[in-house]
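1. following is a predicted model, sequence given first.
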Amino acid sequence: MEIRIPEKEAIDILSTYGGANNYILELKEKIKSKYYTLTRSQVDYIISNKDVVPQIARKLVEIDSYLSEQLQEKRLLPIAPQNIWVEKILVNTPKAYHIWGKIIKSDNLHDFWVPKSQIAPKQKQEIIVDYSPFSHRPPMVHQKPAIEHLLNNEMYILADDMGLGKTTSAVIASLVEDSKKILVVCPASLKINWKREIENYTDEDVVILEGKKWNEGKFIIVNYDILKNFHSLKNDKVRTLLNSGIERIIIDEAHYISNPKAQRTKIINEISHKIGKVWLLTGTPMTSRPINYYNLLKLVNSRVAVNWVSYVRRYCEGRQFRGPNGRKIWNVSGASNLEELRDRTKDKIIRRLKEEVLNLPDKIITPVYLELDSNEYKKEMGEYLSWSDDNRNESITIHLAKLTKVRQIIANEKIKCTKELINDILEQDKKVIVFTNFTAPLMELHNNYPTNSVILHGQMSKEERQNSVDSFQNNEQVKIFISNIKAGGVGITLTSAEAVIMNDLSFVPSDHSQAEDRAFRIGQKKNVSCFYPLFDNTLERIIYNILQKKKNVIDTVMGDITIDPNIDIMEELFNELHNI
């Protein structure tokens, strides 16, 4: 059996090489000297690339600022080079180019390696979108650049501020792109919202996955928690997400997958890599530290996320130390070179803050649709309907009193979603006001955020109330103001907030507009986002629908026009309830 000797093989290749790789040709000349010996890396290069045909380029290629500064420092250049001359690409590897060219004009042609991550990205072609199919609900002016950026990139991050309509932008972009099947991954509380938004723009089938049952549609919506039911990291038989013909993935609240060790992150990474077309939506691309940004950048093939070690050293002040058991541990909790990180990632992300967008309303109203599955609610609602069949002529006051327990159940069930909204807002380092009609959710929310929230309710003294207001307005550590809607919905100023959440609805429409305006008052310099979590299959959705009929929802329930809680509205509510 003949023993293979790589060095001899490489020399044999050089002796007969007649290709166009200038580096190999240089080595061919050098080995003619008896004093020259090939290194192991040169041997491997010759053997691996002997049949590779170099690509003629003959053009200037722009490099990014990081490589430019490195070259200036390494070669002691007076000016950092902005471009390199590429005569040929000798070898094209997954991570780098082996180039035959020049770094500065006075150089002779020579070989050098350039990481692909340090080549400035090509300018994208202008995308022209026909928006006429969406004329019934046209995108806002600021949403069009977002749509066009998505369409120009198979992998991209849409990181606009809350309230700027990322969902709408992604839905329209996916319809223009016309992928045959689209997977939407989002928190469970947003699945109905996504379904409704998609159905605003298309008659195609939209399905929401629940449990372990798979359903087919053009749009398939799944929450993070049940991804494992449709894709296993260990069992090749559970590969539904990869075997169902999905062509595009949209990942909402993508900061949920910043932890690379989490199972959902591993699943998303695997299916995104296989499918190859992924858009990430998040108002918080970098939740607190640059390390949290890494996985998102890797998912969209950003040039800064090619190498984890390089990333953490450059942008996270990454350093190694030995732990108690002698194992090497990385500390990546720091932040460094953030302006450079912003510059080197701008080809993969678009981010606008509300204050940068000129065509926004002062108050941005966002209903968040949910489904309630509560036997307690069904029991109480059923008992009310049975009673009211025989008591239609009872006073409105008595009917409202009978419905109080139903409303309390809704308010308590809503807390989970409200906490999710609060957490998203806190991640964006913004302050938020939460209103509720009942004491139990008020106290539960306060107990969930004991160090960074204050409360206001009717049993507090005037001094205690003012203390809560002053703390929220002036203390940067106090991020959440939780209030009873009657006690805190009028007469106070809370302009340090950029978001308002209505945990539950009042029967008095003017309560809502008054409460919203605690944040939207003289002195408020930013747009205010108002979130209304709504259980779609309950009493409060009926109330919401009635108020929409009276006037556009933005101008009534959550806007500038005050409607008194008159008999007409209550009569319509009762009629709707009895038509269920």
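-> Looks like it arrived, so ask away. Numbers count the residues shown, from 1 in each chain.
2. sec struct for residue 11, please.
-> Reducing the assignment at residue 11 to three states with DSSP: H, G, I helix; E, B strand; the rest coil gives helix.
3. per-residue confidence at the nearest residue to it once chain neighbours are set aside?
-> Leaving aside its sequence neighbours, residue 11 sits nearest to residue 31 (CB to CB, 6 or more residues apart in numbering; 6.4 Å). For glycine as for every other residue, the C-beta is placed from the backbone atoms N, C-alpha and C. Here the pLDDT value assigned to residue 31 is 91.
4. right, and residue 31 touches residue 39 too?
-> No: assessed by CB atoms under 8 Å, residue 31 is found out of contact with residue 39, at 11.7 Å.
5. and the next helix or strand past the longest strand along the chain?
-> Selection of the longest strand in the chain by residue count, based on DSSP state E, yields strand 83-92. Counting by DSSP states H and E, the element after strand 83-92 in chain order, helix or strand, is strand 96-102.
6. please name the residues that touch the residue nearest to residue 11.
-> With contacts defined as CB atoms under 8 Å, 6 or more residues apart in numbering, the neighbours of residue 31 are 11, 14, 38.
7. can you show me the helices along the stretch 201-350 of the chain?
-> 240-243, 263-275, 291-299, 308-315, 338-345 (DSSP state H, counting those that start in this stretch).
8. scratch that, the stretch 51-200 of the chain
-> Counting by DSSP H, counting those that start in this stretch, the helices of the stretch 51-200 of the chain are 65-75, 143-151, 166-177, 191-199.
9. please parse this protein into its domains.
-> Domain segmentation of the chain under automatic domain parsing yields 6-118, 134-356, 363-578.
10. to residue 124, which of the ones you listed lies closest?
-> Closest to residue 124 of the domains of the chain is domain 134-356 (CB to CB; 4.4 Å).
11. tell me the spacing between residue 311 and residue 7.
-> Note on residue 311: its distance to residue 7, by CB to CB, to the nearest Å, is 36 Å.
12. quick one: which of those two has more around it?
-> residue 311 (23 against 15; other CB atoms under 10 Å).
13. quick check: that one touching residue 294?
-> Yes: using CB under 8 Å, residue 311 and residue 294 qualify as a contacting pair, with a distance of 5.7 Å.
14. shared neighbours, the two?
-> residue 305.
15. pick the most buried one from the helices of the stretch 201-350 of the chain.
-> Most buried of the helices of the stretch 201-350 of the chain, by mean neighbour count (mean count of other CB atoms under 10 Å): helix 291-299, with a mean of 22.
16. and that one, what does it pack against?
-> If you count contacts as 3 or more CB pairs under 8 Å, 6 or more residues apart in numbering; DSSP states H and E, helix 291-299 packs onto strand 155-158, helix 263-275, strand 278-281, helix 308-315.
17. direction included, what does the third one pair up with?
-> Sheet neighbours of strand 278-281, with direction, are listed as strand 155-158 (parallel), strand 248-252 (parallel) (DSSP bridges).
18. closest to residue 181 out of those?
-> Minimum separation from residue 181 across those (CB to CB) falls at strand 248-252, 7.7 Å.
19. what average pLDDT does that closest one get?
-> Averaging pLDDT along strand 248-252 gives 97.
20. tilt between it and helix 143-151?
-> 130 degrees (axes from the mean of the first three to the mean of the last three CA atoms, to 10 degrees).
21. residues contacting strand 248-252, please?
-> 166-167, 170, 174, 177, 179, 181-187, 190, 194, 257, 268, 271-272, 275, 277-282, 299.
22. off-centre distance for that strand?
-> In this view, strand 248-252 has its centroid 10 Å away from the chain centroid, taken as CA atoms, centre = their mean, to the nearest Å.
23. re earlier: other residues contacting the longest strand of the chain?
-> Residues from elsewhere that reach strand 83-92, judged by CB under 8 Å, 6+ apart: 20-23, 45, 49, 52, 54-63, 97-103, 105, 109, 111, 114.
24. partner strands of it and their direction?
-> The sheet places strand 83-92 alongside strand 55-62 (antiparallel), strand 96-102 (antiparallel), with pairing taken from DSSP bridges.
25. what packs against the helix or strand hosting residue 41?
-> Here residue 41 sits within helix 40-49, counting by DSSP H and E. Secondary-structure packing of helix 40-49 (3+ CB pairs under 8 Å, 6+ apart): helix 6-16, helix 22-30, strand 83-92.
26. what's the pLDDT at the closest residue to residue 257 other than its chain neighbours?
-> By the measure of CB to CB, 6+ apart, the closest residue to residue 257 outside its immediate chain neighbours is residue 265, 4.3 Å from it. We have a pLDDT of 95 for residue 265.
27. contacts only, for residue 265.
-> For residue 265, the contact set (CB under 8 Å, 6+ apart) comprises 257, 258, 259, 295.
28. the closest residue to the second one other than its chain neighbours and residue 439, how far apart?
-> Across the structure, with CB to CB, 6+ apart as the measure, the residue nearest residue 258 apart from its sequence neighbours is residue 292 (4.1 Å). Taking CB to CB as the criterion, residue 292 is separated from residue 439 by 36 Å.
29. just checking, the residue nearest to residue 258 touches residue 286?
-> Yes: using CB under 8 Å as the test, residue 292 is close enough to residue 286 to be in contact (5.8 Å).
30. list only buried entries from the contacts of strand 248-252.
-> Applying 16 or more other CB atoms under 10 Å to those, the neighbour count classes 166-167, 170, 174, 177, 179, 182-187, 190, 194, 257, 268, 271-272, 275, 277-282, 299 as buried.
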